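S.K.: Compute the structure for the input listed below.
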Amino acid sequence: MTAEPRETSAQDERREQMLEAAVEVICERGFAETRIADVATRANASPALVIYYFGTKDGLLTAAFRHSEEKFYRSTASLMATQPDAATKLETLVRVTCVKQGRDEVPGAWGLWLDLWVQAFRHPALSKDRAVFDRRWTATIGDVVREGQQTGEFGEIDVENFAIAFAALMDGLSIQVALDDEIVDSTRALAVAMGFAAGALGFTWASTDRPGAGGTRKRKSAQRTVSVASTPPRSAR
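M.R.: The predicted structure is shown next:
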């Protein structure tokens, strides 16, 4: 009666190992240059076993990305729980996004997103997966904004429109940071993103240039209503 749970646990662990291997290989070589055999070798498994778990190379990319995203959200949720207010939580989202490489991330981890965007452009199945990932991200931003509205930190605004605009802005900034842009580094990206947020949500912000730390925040007007459309961000999608 206990054999099945043990077997399931062993299968889950093996699948986890292959996903970790897939993330590493894709980040190192890019999706186009990654072969099922490469992932199998890194995971000390057979190509047939990788295909058994993930079916196709596209399926492997989606699963690897989902695995990476779950780790990101778990880590981010723990970090957000320690922040004192909604504005600091919003800043935290920027700080963990607009960086070339996050803490404990595989080198080149941003390449997963870049590869997913390229593949989603041409493959309907991956496009659907991309949409699911994006909705989770905008929902995360939206939850922070609603919290700020409830506590009186943020002014009234269309939360969904703001979340879409803010996510697109961070995408564009993050791509430039990931590509070592000469003008847009992590510090500039943080200033641009939080400047946009402060203007749209009605609070003041000043960076302390300390990772994980916030600046000075104060509501500009308790009655202020801001239209996101008045200051459209650059979209990377």
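
S.K.: Give me the most central residue, the protein.
M.R.: Residue closest to the average C-alpha location in the chain (Cα atoms, centre = their mean): residue 97, at 6.0 Å.

S.K.: quick one: pLDDT of that residue?
M.R.: With respect to pLDDT, residue 97 scores 88.

S.K.: One more: residue 150?
M.R.: pLDDT for residue 150: 97.

S.K.: which helices and strands does the strand or helix carrying it pack with?
M.R.: For residue 150, the host element (DSSP states H and E) is helix 124-151. Counting contacts by 3 or more Cβ pairs under 8 Å, 6 or more residues apart in numbering; DSSP states H and E, helix 124-151 is packed against helix 57-80, helix 86-97, helix 110-122, helix 159-178. The way it works is simple: take the backbone N, C-alpha and C, and place the C-beta from them, glycine included.

S.K.: separation between residue 54 and residue 120?
M.R.: 17 Å (Cβ to Cβ, to the nearest Å).

S.K.: Quick one: residues in contact with the one helix or strand residue 40 maps to.
M.R.: Per DSSP H and E: residue 40 is located in helix 36-42. By Cβ atoms under 8 Å, 6 or more residues apart in numbering, the residues outside helix 36-42 that reach it are 18, 21-22, 24-25, 29, 46-47, 49-51, 57, 60.

S.K.: Out of those residues, grab the one that's most surrounded.
M.R.: In terms of neighbour count, residue 22 stands highest of the contacts of helix 36-42 at 29 neighbours, by other Cβ atoms under 10 Å.

S.K.: isn't that residue right up against residue 62?
M.R.: No - if you go by Cβ atoms under 8 Å, residue 22 and residue 62 don't touch, sitting 10.3 Å apart.

S.K.: Give the burial count for residue 114, as a bare number.
M.R.: Residues within reach of residue 114, counting by other Cβ under 10 Å, total 16.

S.K.: list the contacts for it?
M.R.: Counting by Cβ under 8 Å, 6+ apart, residue 114 has contacts 175, 178.

S.K.: Check what pLDDT it gets.
M.R.: At residue 114, pLDDT is 81.

S.K.: okay, and for this protein, where does confidence drop off?
M.R.: Scanning the chain for pLDDT under 70 picks out the ranges 1-8, 101-109, 207-237.
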